[in-house]
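**Q** Sequence plus predicted model, see below.
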Amino acid sequence: MRYFLIAFLFTFLACTDNPIVTDPGSFQLNTAKKGNVSLLGSNPEVPLEGDIILTFSTAIDPNTNNEISIPGNDNLTFENLDKNTIISIKTAEPFIAGETYQLVIGDGLMGANGEKFPGLSLSFKIVKPPLDLISVSQGGKELNAKKRNLDIPLRPTFQITLSEDIDVSVLNEEVLLVGKKNYGISVSKTSEANYELTTTEALADFSKSNLLFPSSIGSDFETVSFELFTELDSTPKFPIISDEELLTKVQEQTFKYFWDFGHPISGLARERNTSGDIVTSGGSGFGLMAIIVGVERGFISRTEAVERWQKIMDFLENADRFHGVWPHWINGVSGKVQPFSTKDNGGDLVETAFLVQGMLTVRQYLNPNDPTEVALAEQITELWEGVEWNWYNKDDGKLLFWHWSPQYNWEMNLPIRGHNETHIVYTLAAASPTYPIDKETYINGYTRNGSFTNGGTYYGIDLPTGFGSGGPLFFAHYSYIGMDPRNLQDEYVNYWDQNVAHTQINRAYCMDNPNNFVGYSKDCWGLTASDNNEGYSAHSPNNDLGVITPTAAISSIPYTPEESLDAMRLFYYQLGDRLWGEYGFYDAFNPTADWYASSYLAIDQGPIICMIENYRTGLLWDLYMSAPEVKAGLDLLGFTY
């Protein structure tokens, strides 16, 4: 009778999960759990996995552990813990899901000091664990449901392990592989709870699909989806040609942007292929040099080039200028400023520097024995000498500023400091025979009194100057299409070393691919300013959005010849069906987002054709550096070159 009274008392108190309170002089059971579920309820459902843990109010005599039993499971193993206040119980025979068991603690269990335990019985039910997907692997590599899984073969085979054996027909009926279409799959059993999934058709290359295990495959199964990105199909999209032929083809196709698509009235380069009558001063500077390449490569005649240059100079002579400085955008019909933004409706000193770089290169190319070309050269000289570089040294503060507008004055207030794409601005300003700056302005403005140095090491590569890990790669292009960096050095930096290091770091970052973007590799690399799937951005290791821009790697070919050629081959042969168009390579692509640009931008196309030529012959570098004013400016600033 006493035992039944105690059992009743236990049942009443257990519903509250409170400790089992016993008579004075005895000790009590504080907690009883299997897994993370308490046994002190009314026939609780507990997991199959996990030991039974009993916690008592005082230490017990381990010699009385045999008072604890589970009928039907005779071989129990006890481990006394925490100074004998806790007992961990393991069973030799596995529990069976769905069965109810009794944990019996007899009244012979004693405390370490002889305390008595009244005895009790706890009932519990083993619940069947939910079906679990243990692993999915492909080619020996386990897939991760929380991140992108890259480089999946076009005909993959997946190894699947579940927590229990299920009918293979369920997997064949319920599992899905969905991408550009619903792909056919076949699942076969390889051993107990292990399966193999194959596709019955090839997946689309360089694209996203999802391998989906829905909740319908098993009891209490939670849906699991794996995001897969297939490898790039290596089949050439165009006939294989020699590298020299490929370089020429890329130059010729890119040249068409500036020649065939040049504005019919002004002759200048449109900002982009959708710009209508908006032409760009900086991109047109690159276009002027591209025309030189066109002549030398036989794409057009010299006569045609001179006629186009004449049209351009006549237009620039009559276009809006602000203290001799052209705006960023110009209407290609009227010559009037086209605001780049609300307050940017005046002179743009940086874009003007890119334009003048091209003008001086053309001037040096013209024939001093041809009267027509001599007259054109004189016109170019007059235009460049009209640029009031030092007027953009606001308040004589030994610092050049980017913008000035007669309407908004200096409100843009953007100082020009290095190291970035603006190096050409200060060197041209120092070279001006009419409105020059002094060396102090260069030191204070561009080099920040020498503090623009970097000195960091990225991927084992020392970076002389610049911020972060070098910034977007156009820093290594725009100023150095004409200005030869091969031996260019001021008192702080060797600019060849800078540009080589900057390019190598950019590529190494893409190879590392810390954000796990699709496509990044030793051959598919290059982060710089370009269009992207959400607009436009200056992509770099510090601003990585998954966007590869062909001009970044290709225009870096003087600095990384083999690596840039490898990238060009991949862009042309393997991605040419998506990247190659009327004016060469489209602007950018983001395979993670399945996005490929349809746009061309003058400032991205220009460096491609020009820097390839500098790699092949050094032509544009040699021409620009032959200008006596350029040499005088570099001498003034203390450069060696």
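**A** Sure thing, it's come through.
**Q** how does the protein divide into domains?
**A** 2-126, 133-230, 243-636 (automatic domain parsing).
**Q** looking at those, which is buried most?
**A** domain 243-636 (a mean of 21; mean count of other CB atoms under 10 Å). (Each C-beta comes from the backbone N, C-alpha and C, glycine too.)
**Q** any weak-confidence spans in this structure?
**A** Across the chain, the ranges flagged by pLDDT under 70 are 1-26.
**Q** Kindly recompute the last result at 50.
**A** Scanning the chain for pLDDT under 50 picks out 1-24.
**Q** nearest to residue 236, of the domains of the chain?
**A** For those, proximity to residue 236 was assessed by CB to CB; domain 243-636 is nearest, at 4.4 Å.
**Q** mind checking the end-to-end distance for the closest one?
**A** In domain 243-636, first residue to last residue: 41 Å (CA to CA, to the nearest Å).
**Q** what do you get for stretch 140-160?
**A** 11 Å.
**Q** Roughly how far does residue 637 sit from residue 395?
**A** Counting by CB to CB, to the nearest Å, the separation of residue 637 from residue 395 is 22 Å.
**Q** any chance you could map the strands in the stretch 1-150 of the chain?
**A** With strands called from DSSP state E, counting those that start in this stretch, the stretch 1-150 of the chain shows them at 29-34, 37-38, 45-46, 52-56, 68-69, 76-81, 86-91, 100-105, 120-126, 133-138, 141-142, 149-152.
**Q** What pairs with the third one, parallel or antiparallel?
**A** Strand pairing for strand 45-46, using DSSP bridges, gives strand 120-126 (parallel).
**Q** Off-centre distance for stretch 62-69?
**A** Here the centre of stretch 62-69 is set off from its chain's centre by 62 Å, with CA atoms, centre = their mean, to the nearest Å.
**Q** Kindly apply the preceding question to stretch 456-472 instead.
**A** Mean-position distance between stretch 456-472 and its chain equals 17 Å (CA atoms, centre = their mean).
**Q** so residue 599 makes contact with residue 271?
**A** No. Assessed by CB atoms under 8 Å, residue 599 is found out of contact with residue 271, at 10.3 Å.
**Q** Let me have the strands of the stretch 1-150 of the chain in TSV, extended by distance to residue 315.
**A** Below are the strands of the stretch 1-150 of the chain laid out as TSV (distance: least, CB to CB, whole Å):
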stretch	distance to residue 315
strand 29-34	86
strand 37-38	83
strand 45-46	84
strand 52-56	87
strand 68-69	99
strand 76-81	90
strand 86-91	89
strand 100-105	93
strand 120-126	87
strand 133-138	59
strand 141-142	59
strand 149-152	49
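**Q** Break down the stretch 151-300 of the chain into its helices, ranges please.
**A** Secondary structure of the stretch 151-300 of the chain by DSSP state H, counting those that start in this stretch: the helices cover 168-174, 243-259, 281-296.
**Q** tell me the contacts of residue 197?
**A** Neighbouring residues of residue 197 by CB atoms under 8 Å, 6 or more residues apart in numbering: 157-158, 160, 171, 175, 185-187, 211.
**Q** Could you rerun that using 10 Å?
**A** Residues in contact with residue 197, defined by CB atoms under 10 Å, 6 or more residues apart in numbering, are 136, 138, 156-160, 171-172, 175, 177, 185-188, 211.
**Q** for residue 101, same thing?
**A** 34, 39, 46, 52, 70-73, 91, 95, 122-126.
**Q** who does it bridge with?
**A** For residue 101, the beta-bridge partners are residue 124 (DSSP bridges).
**Q** how close does it sit to residue 34?
**A** Taking CB to CB as the measure, residue 101 falls 9 Å from residue 34.
**Q** same deal with residue 122?
**A** Remark: distance between residue 122 and residue 34 (CB to CB) = 10 Å.
**Q** Identify the contacts common to those two.
**A** Shared contacts of residue 122 and residue 34 (CB under 10 Å, 6+ apart): 44, 52, 101, 103.
**Q** got the CA positions of stretch 271-282 in PDB?
**A** Taking C-alpha atoms only, stretch 271-282 is exported to PDB below (Å, rounded to 0.1, in the frame of the first residue of the first chain):
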ATOM      1  CA  GLU A 271      29.100  57.300 -73.800                       C
ATOM      2  CA  ARG A 272      27.500  53.800 -74.400                       C
ATOM      3  CA  ASN A 273      25.700  52.000 -77.200                       C
ATOM      4  CA  THR A 274      22.300  53.400 -75.900                       C
ATOM      5  CA  SER A 275      23.400  57.000 -75.500                       C
ATOM      6  CA  GLY A 276      21.900  58.500 -78.600                       C
ATOM      7  CA  ASP A 277      23.500  62.000 -79.100                       C
ATOM      8  CA  ILE A 278      25.500  62.000 -75.800                       C
ATOM      9  CA  VAL A 279      29.200  61.800 -76.400                       C
ATOM     10  CA  THR A 280      31.900  61.400 -73.800                       C
ATOM     11  CA  SER A 281      35.100  63.500 -73.600                       C
ATOM     12  CA  GLY A 282      37.200  60.900 -71.700                       C
END
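**Q** and it, how far out from the chain's middle?
**A** Mean C-alpha position of stretch 271-282 versus that of the full chain (CA atoms, centre = their mean) differs by 28 Å.
**Q** Out of the shared contacts of residue 122 and residue 34, which is nearest to residue 460?
**A** Residue 460 has its nearest neighbour among these in residue 52, at 55.3 Å by CB to CB.
**Q** what sits against the residue nearest to that closest one when sequence neighbours are not counted?
**A** In space, and not counting its chain neighbours, residue 52 is closest to residue 89: 4.2 Å by CB to CB, 6 or more residues apart in numbering. The neighbours of residue 89, taking CB under 10 Å, 6+ apart as the test, are 32, 34, 51-54, 65, 68-70, 73, 76-79, 103.
**Q** Please consider this matter closed, and thank you.
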